[in-house]
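Asker: Everything below, folded, please.
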Amino acid sequence: MLRRTASAALAALATFVPTSLVPTSLVHGSGRGPAPVTVARVEVPVPRWPSPFEGMLGISSGNIVVGAQSASGCRVALVRPARLQLVSERSAPCEDPLVSGQRAVPVESVEPAGSSVGEVRIAVLDPETGSFRLGPVVMRYGNISDGRPEWTYGAGDLWLYDVGTGGGAVGPHLPAEVLRISASTGAVLGRASMPTLTRIILAADADGLWFSPSLETGWLPGHPPDLLYFVPLGGTHPVVVQAGPPTRSGGTSVAYANWIVAAGHRAWVDVEVGRRAGSSVIETFPTPESAPRKVAEAPGSPRPSSIGLGPADVPPVLELPGVGLVALVPGWLGTAGAVGNGARSETLVRLDPATGESTRIASFSTVPDGIVEADAVIGGALYVLTAAGEPAALTLYRISPSSAGSG
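Answerer: Okay, here's the model as predicted:
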């Protein structure tokens, strides 16, 4: 999730730098499982770009979008996916949806500076002209660290959530709510009341919005959350899919999700309910109304960090068609920190929701030390963006099931 602020400065135009495709070796997974995958990469230079920054991946007009935002402004590069050829690279307004490869994005602003209340508008890109427009205010939020809006995309919708102010001392009373917004037009399609929960896990599919408390979630005194909720399309409030554990004397049992993956009409949820540290359970939900079909122990399951704060709430687990549920190790969390402290390689693992086991699918070098800035499944392939050096040099990796080819 990219924080877009209306006051972000523009960076200077950069000179186009041609690049070439650098293929890496094919790595086969061991034992049973999906077909092998291929790995390819391309360097995406961003001249004089300072670190740290937030990296984004998306797609626009058939091109892969590599976006970056720092205190100095935003840049965007377009890469042709067939041969990973750099098409263009330039500065862009940080409000431009193209920076994140989306048609519609939330734009936060706080005016005047230091105000206790912020506003959210939706910026919408016109793919034919390349221009964008900023729509009216659709949400107001408390300008505090735990009150920032969160959002996710799924099945053509943008779901925008904010915890509200809970009747607290910050400005006016603002409700906890989620908006369903068209990801192509920016129109508000629905609005639902929500429980007052900070820093939740969000995932959307063709049926609606799944959400759960995270390890960092806070709630109003006397109102502990349930474990898993769902907001159906057209719904005005969430339904409880899975209740939380009973309240213990002097507190509440541990109950939260590490990650949720939702696609089509199915969701997978990795939950921890009073279990020992580092051990969780993967649950599969064929429909929001069903009980979990499969329950499997998942030791060492990936976890996000600083949920609700910029790129740190990027889902640690994704669904890669033809492969299944996948995660990068060490991934974003394992490479976060100062440039130069990143990993020299990344491993893609497949998580089996039936057994909870992890299987190595592919490994690729990220020398020099690479910080994972973003990863996303686009067009049936997994794209991974890493950064290294001062100023930052970007590298884009494509990991594809072999049967799909490279295009």
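
Asker: Name all residues that make contact with residue 131.
Answerer: Residues in contact with residue 131 (C-beta atoms under 8 Å, 6 or more residues apart in numbering) are residue 125. For glycine as for every other residue, the C-beta is placed from the backbone atoms N, C-alpha and C.

Asker: Return the distance of the most centrally placed residue in the chain relative to residue 100.
Answerer: In the chain, the residue lying closest to the centroid (C-alpha atoms, centre = their mean) is residue 314, at 2.9 Å. Separation of residue 314 from residue 100 (C-beta to C-beta, to the nearest Å) stands at 12 Å.

Asker: returning to what we had before: so the residue nearest to the centre of the chain versus residue 240, what's the distance?
Answerer: In this view, residue 314 and residue 240 are 26 Å apart by C-beta to C-beta.

Asker: for residue 186, same thing?
Answerer: Taking C-beta to C-beta, one finds residue 186 at 30 Å from residue 240.

Asker: So for those two, which sits in the more crowded spot?
Answerer: residue 186 (24 against 13; other C-beta atoms under 10 Å).

Asker: Low-confidence ranges, the stretch 101-250 of the chain, go.
Answerer: 167-171, 246-250 (pLDDT under 70).

Asker: repeat that for 90
Answerer: Residues of the stretch 101-250 of the chain that meet the criterion pLDDT under 90 lie in 111-116, 127-128, 143-148, 166-173, 215, 220-224, 244-250.

Asker: Let's see the pLDDT reported for the residue nearest to the centre of the chain.
Answerer: pLDDT recorded at residue 314 is 76.

Asker: List the contacts of it.
Answerer: Applying C-beta under 8 Å, 6+ apart to residue 314 gives the contacts 1, 304, 332, 374-375.

Asker: Out of those, which sit inside strands?
Answerer: For these, the ones inside strands are 374-375, with DSSP state E as the criterion.

Asker: Kindly write the ChimeraX command that selects the buried subset of the contacts of residue 314.
Answerer: Buried residues among the contacts of residue 314 (16 or more other C-beta atoms under 10 Å), as a ChimeraX selection:
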select :1,304,332,374,375
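
Asker: Go through the contacts of residue 314 and name the one nearest residue 396.
Answerer: Proximity of those to residue 396 (C-beta to C-beta) peaks at residue 374, which lies at 9.6 Å.

Asker: ok, now which ones touch that closest one?
Answerer: 55-57, 311, 314, 384-385.

Asker: Helix or strand: which one has residue 334?
Answerer: helix 331-335 (DSSP states H and E).

Asker: counting contacts, what elements does the helix or strand just after that helix pack onto?
Answerer: For helix 331-335, the succeeding helix or strand toward the C-terminus, using DSSP H and E, is strand 343-351. On a contact count with 3 or more C-beta pairs under 8 Å, 6 or more residues apart in numbering; DSSP states H and E, strand 343-351 meets strand 324-329, helix 331-335, strand 358-378, strand 381-388.

Asker: Just the buried residues of strand 343-351, please?
Answerer: 343, 346-351.

Asker: Pretty sure residue 260 sits against residue 266.
Answerer: No - counting by C-beta atoms under 8 Å, residue 260 does not reach residue 266; the two are 11.3 Å apart.

Asker: With neighbour numbers in mind, choose between those two.
Answerer: Regarding residue 260 and residue 266, a neighbour count based on other C-beta under 10 Å identifies residue 260 as having more, with 27 against 18.

Asker: still on that earlier bit, in JSON lines: the contacts of residue 374, plus secondary structure and distance to residue 203.
Answerer: Putting those into JSON lines (DSSP: H, G, I helix; E, B strand; the rest coil; distance: C-beta to C-beta, whole Å) gives the following:
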{"residue": "55", "secondary structure": "strand", "distance to residue 203": "21"}
{"residue": "56", "secondary structure": "strand", "distance to residue 203": "18"}
{"residue": "57", "secondary structure": "strand", "distance to residue 203": "17"}
{"residue": "311", "secondary structure": "helix", "distance to residue 203": "17"}
{"residue": "314", "secondary structure": "coil", "distance to residue 203": "12"}
{"residue": "384", "secondary structure": "strand", "distance to residue 203": "20"}
{"residue": "385", "secondary structure": "strand", "distance to residue 203": "21"}
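
Asker: Ranked by average pLDDT, which of the helices and strands packed on strand 343-351 falls at the bottom?
Answerer: Lowest mean pLDDT within those: helix 331-335, a mean of 75.

Asker: So which elements touch it?
Answerer: When contacts are defined as 3+ C-beta pairs under 8 Å, 6+ apart, helix 331-335 sits against strand 343-351, strand 358-378.

Asker: For it, list the C-alpha coordinates in CSV.
Answerer: C-alpha atoms of helix 331-335 as CSV (Å, rounded to 0.1, in the frame of the first residue of the first chain):
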residue,chain,number,x,y,z
GLY,A,331,11.4,-11.5,1.6
TRP,A,332,10.7,-7.9,2.6
LEU,A,333,10.9,-8.3,6.4
GLY,A,334,14.1,-10.2,6.2
THR,A,335,15.8,-7.6,4.0
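
Asker: Lovely, talk soon.
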